[in-house]
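K.L.:
make a model of this:
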Amino acid sequence: MEDPEVPTEHLQEDIDDRVARGARQWTLGVALSCALLAAMAAVASMKAGHYSNEAMMLQIESASQWNYFQAKSIKEAQLKTREEILSALGKPIPESDRTKAAEYEQDKKQIQAKAEELSREARHYLHKHHILAHSVTMDQIAIAVGAISVLTRRRLFWFVSLAFGTVGLVFVAQSLLFLGAH
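P.N.:
Next up, the predicted model:
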């Protein structure tokens, strides 16, 4: 019995073609995932910068409130010194001075509360900035590892890239969930 003849000339070409097509599709998948990671990194970077600016402005405003608090404290101290001098001289302390001292005390409490609130808000925004900065870092690492996967033609590196990208995405989600908490 004679062996059946199998046309093998085109078989190797067909296999090579399918491998090349598969490699192209895989490379396109890596490129697409890296492009999405780059877009996510750009948005996270922009938001991180925004939160950093917000934190800085709030911290400056808080410092301004503390300066205002100090100015009220100095005025209050001057008024108390005046009261002590008048008392030592046996002279009456004007009621307007006592009223003004009470106003300074009340103003200081309000100013202190506002300064502390501004400082808390600044810390909140700075924390969000840090979370998003971590996201950007993870995305950049993911993109670099994705490029390495194409250069070395190893899918394992792509999976590592996707893992870093997932961690970056988790940081973005964490910053969104952290949005309302102060």
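
K.L.:
need the residue closest to the centroid of the protein.
P.N.:
residue 129 (1.9 Å; Cα atoms, centre = their mean).

K.L.:
how close does that residue get to residue 54?
P.N.:
Using Cβ to Cβ, to the nearest Å, residue 129 is found at 8 Å from residue 54. (C-beta placed from N, C-alpha, C; glycine too.)

K.L.:
one step back: phi, psi of the residue nearest to the centre of the chain?
P.N.:
Listed backbone geometry of residue 129 is phi -60, psi -50, with angles given as degrees, to the nearest 10.

K.L.:
so who does it touch?
P.N.:
Applying Cβ atoms under 8 Å, 6 or more residues apart in numbering to residue 129 gives the contacts 48, 49, 51, 52, 55.

K.L.:
for the last one, grab the count of nearby residues.
P.N.:
The reference is to residue 55. By the other Cβ atoms under 10 Å criterion, the neighbourhood of residue 55 contains 20 residues.

K.L.:
dump the residue contacts of it.
P.N.:
Taking Cβ under 8 Å, 6+ apart as the criterion, residue 55 is in contact with 122, 123, 124, 125, 126, 129.

K.L.:
I'd like the next helix or strand past the helix or strand where residue 117 lies.
P.N.:
Assigned by DSSP states H and E, residue 117 falls within helix 95-152. Using DSSP H and E, the helix or strand that follows helix 95-152 towards the C-terminus is helix 155-177.

K.L.:
that following helix: which residues count as buried?
P.N.:
Along helix 155-177, the positions that meet the burial threshold by neighbour count (16 or more other Cβ atoms under 10 Å) are 157-158, 160-162, 164-165, 167-169, 171-172, 175.

K.L.:
and the helix ranked longest in the chain with helix 95-152, angle?
P.N.:
In the chain, taking DSSP state H as the definition, the longest helix is helix 9-88. Between the axes of helix 9-88 and helix 95-152, defined by axes from the mean of the first three to the mean of the last three Cα atoms, to 10 degrees, the angle is 170 degrees.

K.L.:
what's the average pLDDT for helix 9-88?
P.N.:
Averaged over helix 9-88, pLDDT sits at 87.

K.L.:
again, but for stretch 148-157
P.N.:
92.

K.L.:
now do the same end-to-end measure for it.
P.N.:
The separation between the terminal residues of stretch 148-157, taken as Cα to Cα, to the nearest Å, is 7 Å.
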